[in-house]
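1. sequence first, predicted coordinates after that:
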Amino acid sequence: MKGKILVTGGTGYIGSHTTVELIETGYEVEILDNLYNSKEEVLDRIKELTGVRPKFYNVDLRDAEALEKVFAENKYDAVIHFAGLKAVGESCEQPLRYYENNIGGTINLLECMQEYGCKKIIFSSSATVYGEQDTPKCVETMTTGQSISNPYGETKFMIEQILKDTAKADPELSVTILRYFNPIGAHKSGLLGEDPNDKPNNLMPIIMKVATGEIPELSVYGDDYPTPDGTCIRDYIHVVDLAKGHLAALDHMTQGVQIYNLGTGEGHSVFEMVEAFDKASGKKLPCQIVGRRAGDLAELYADPSLAYEKLGWETKLTVEDAMNDTLNFLKHEGLTLRED
Ligand code: NAD
Ligand code: WQD
């Protein structure tokens, strides 16, 4: 056994894929989630894939007493901290809820880790901390936090700062901050994928709902950006590549704070994503061009070279793989594509 890991948010989209990779690599995994944006059934899917149903704690990170009980019962070698709210638009309407959940939850977690001697944490940060820069290619050494357009992004920036300060105060602590770009796709088995409980906000889950007819058409937020086809460019990373990035990070943890971008290094426009989905599905996704969405940047992608140099990690899967895996996930969910 390689070690015992607590995965917060482990029934969620990225957490569930990472759990599968961890178990397959020989880690013992326990999951803590309040099921706000995920379903307990994911645990059965993980069992189907790995033969192991991870021990599950239906606990809210804000419930300090319940969280402490979990730590009192276990000795974790590391925590991978995915749990949090992530809807950008909602965070603008309910900022206090986002600060309370994401920051409050993280502080409780760090307090328990301190009390029970757990010295390693990997945190799910986001490309959003870069805000608007002079160049679209984000490097870890860039100044962050300067033009973040929403409270969700601020919570990521603030948690990064909290982790840095906590590591300064405890030299034995190893913190790895992973800045994800745009995760897409699903497990190749079709058993795991993105299945939010709430109305989706991100491009791929919306494309999925348009494809199945639950949403009538995709609103493309602007085709007048200074990009080759006028739509915004992002760095879409397959969720399984992203999950594997956590294993590489776990293998290379050292005391202090390490920060890595997890992205492909390549940008794709919204139109290119729609085209890739159309090609994979053999159907035409209904789209309508609407006005720009507030806060969107024209172009943003990762410089992933540090993760390659230090962790030996790089992406292997393509946008085409992600589209095929997404369609396979929809099929396994029993969903059929709309008629043209
Ligand atoms: P997700 O919503 O699928 O998973 C997050 C999980 O955390 C959910 O299962 C939810 O129920 C749980 N959770 C939320 N608040 C909790 C609390 N207080 N206590 C216990 N559990 C709680 O989201 P995801 O896409 O898997 O994202 C995982 C992490 O990665 C999040 O921190 C997110 O901000 C970050 N991230 C996501 C993306 C993305 O586009 N998906 C990009 C960058 C960063
Ligand atoms: C991608 C592109 C939209 C929906 C957000 C967060 C970031 C990280 C990833 C969580 C943009 C366009 C979208 C639609 C569209 N999340 N779009 N029509 O905005 O790059 O990043 O998710 O941690 O922090 O900010 O991702 O998927 O919302 O949008 O045209 O209905 O798709 O304008 O260009 P984004 P997204």
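-> Arrived safely, thanks for sending. Ligands and ions are numbered 1, 2, ... in the order given.

2. worst-scoring helix or strand of the protein, pLDDT-wise?
-> Least confident helix or strand, the chain: helix 88-93 with a mean of 92, by mean pLDDT, DSSP states H and E.

3. ok, the residue of the stretch 201-340 of the chain found nearest ligand 1 - contacts?
-> Proximity of the stretch 201-340 of the chain to ligand 1 (C-beta to the nearest ligand atom) peaks at N202, 5.5 Å away. Placement of C-beta: from N, CA and C, glycine included. Residues counted as contacts of N202 (C-beta atoms under 8 Å, 6 or more residues apart in numbering) are N182.

4. which strands or helices does the helix or strand that the least confident helix or strand of the chain is followed by pack on?
-> Using DSSP states H and E, the next helix or strand after helix 88-93 towards the C-terminus is helix 95-98. Applying 3 or more C-beta pairs under 8 Å, 6 or more residues apart in numbering; DSSP states H and E, one finds that helix 95-98 makes contact with helix 151-169.

5. follow-up on the earlier one: for the least confident helix or strand of the chain, buried residues please.
-> Across helix 88-93, burial judged by 16 or more other C-beta atoms under 10 Å covers V88, E90, S91.

6. give the rounded mean pLDDT of stretch 42-62.
-> Mean per-residue pLDDT for stretch 42-62: 98.

7. which ones are touching the spatially closest residue to M253 that is not a sequence neighbour?
-> Distances taken as C-beta to C-beta, 6 or more residues apart in numbering put S174 closest to M253, at 4.3 Å, once the chain neighbours are dropped. Listed by C-beta under 8 Å, 6+ apart, the contact partners of S174 are K119, K120, I121, A167, M253, T254, Q255, G256, Q258.

8. switch the cut-off to 10 Å
-> Residues in contact with S174 (C-beta atoms under 10 Å, 6 or more residues apart in numbering) are 78, 119-122, 167, 250, 252-258.

9. can you go through these and name the buried ones?
-> Applying 16+ other C-beta under 10 Å to these flags A78, K119, K120, I121, I122, A167, L250, H252, M253, V257, Q258 as buried.

10. make TSV from those and add secondary structure, pLDDT and distance to D303 to it.
-> As requested, those are exported to TSV (DSSP: H, G, I helix; E, B strand; the rest coil; pLDDT from 0 to 100; distance: C-beta to C-beta, whole Å):
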residue	secondary structure	pLDDT	distance to D303
A78	strand	98	26
K119	coil	98	29
K120	strand	98	25
I121	strand	98	24
I122	strand	99	20
A167	helix	98	24
L250	helix	98	22
H252	coil	98	18
M253	coil	97	22
V257	strand	98	19
Q258	strand	98	16
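
11. and the two most separated of the residues you listed?
-> Largest separation among those by C-beta to C-beta: A167 and L250, giving 16.7 Å.

12. kindly indicate which of the buried ones among the contacts of S174 lies nearest P226.
-> Using C-beta to C-beta, Q258 comes nearest to P226 of the buried ones among the contacts of S174, at 34.1 Å.

13. bridging residues for the closest one?
-> With DSSP bridges as the criterion, Q258 is bridged to T176.

14. can you list the residues of the stretch 1-150 of the chain near ligand 1?
-> Those residues of the stretch 1-150 of the chain that sit near ligand 1, judged by C-beta under 6 Å from any ligand atom, are 9, 11-15, 33-38, 60-62, 82-86, 101, 105, 124, 126.

15. which of those residues fall within strands?
-> Among those, the residues falling in strands (DSSP state E) are D33, S124, S126.

16. list the residues that contact L218.
-> By C-beta under 10 Å, 6+ apart, the neighbours of L218 are 203, 206-207, 209-211, 270, 273-274, 277, 285-290.

17. ChimeraX command to pick out the buried ones of those residues?
-> Buried residues among those (16+ other C-beta under 10 Å), as a ChimeraX selection:
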select :203,206,207,209,210,211,270,273,274,277,285,287
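
18. dihedrals phi and psi, the one residue in the chain that gets nearest to ligand 1?
-> In the chain, the residue that lies nearest ligand 1 is G12 (2.1 Å; C-beta to the nearest ligand atom). Backbone torsions of G12, given as degrees, to the nearest 10, read phi -80, psi -180.
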